[in-house]
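**Q** I would like to see how this sequence folds:
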Amino acid sequence: MARRSDTEVKLAQARALRDEGRSYRQIRRALALTRGQGAWLKKRLVRERRQAGQLQRQLTEVTAAELPVRRAGLPPQLRARLIGAGYQTLGDIAAAIADPDRPGPAAVSGIGPVALARITALLASVGLGTAAGGDLQASVEALFPEMRD
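**A** So this is what the prediction gives:
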């Protein structure tokens, strides 16, 4: 797993195997990983699952659009940059991405393509992905359910 693309492929395969119910030992053997690589992979998958659980618990308290950026499970530096740029909630970020007249989080200093992909994935995971993706029809239907076909 020396290259970034190889790592992402192995990570995606490991997620699929974990979702099938395989143990981490079985995943390590199926992907022909060393013990160190297997330990890193397990740590990453466990962290992802824990963060997803925390996010879901927080979404029972508030809506996705009202969830504060500081509680969204983003890395500390990314959170600080978003909050410093004036984004207080995930709804603010989704609205900025959906509005073509606003620069959005991509214009914030220090937010590159990887961080932007992480933000987009977070928005999609909480149901704000349609507004963030620029799909006007889906955004209107989300706001006005009676307009669905």
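**Q** looking at the chain, which helix or strand is least sure?
**A** One helix or strand of the chain scores below all others by mean pLDDT, DSSP states H and E: helix 129-133, with a mean of 49.
**Q** not counting its neighbours along the chain, what's nearest the spatially most central residue of the chain?
**A** Most central in the chain under C-alpha atoms, centre = their mean is L122, positioned 2.7 Å from the mean C-alpha point. Spatially, and ignoring its direct neighbours in sequence, L122 is nearest to A72 (6.2 Å; C-beta to C-beta, 6 or more residues apart in numbering). Every C-beta, even on glycine, is put in place using the N, C-alpha and C of the backbone.
**Q** run through the residues that contact that neighbour.
**A** L55, R79, L90, L122 (C-beta atoms under 8 Å, 6 or more residues apart in numbering).
**Q** grab the nearest non-local neighbour of the third one.
**A** Distance criterion C-beta to C-beta, 6+ apart; nearest residue to L90, sequence neighbours excluded, is L67 at 4.9 Å.
**Q** quick one: neighbours of V46, just the number.
**A** By other C-beta atoms under 10 Å, 12 other residues sit near V46.
**Q** likewise L33?
**A** Residues contacting L33 under the criterion other C-beta under 10 Å number 18.
**Q** quick check: phi and psi on the closest residue to V126 other than its chain neighbours?
**A** In space, and not counting its chain neighbours, V126 is closest to A64: 3.9 Å by C-beta to C-beta, 6+ apart. The phi/psi pair for A64 (degrees, to the nearest 10) reads phi -60, psi -40.
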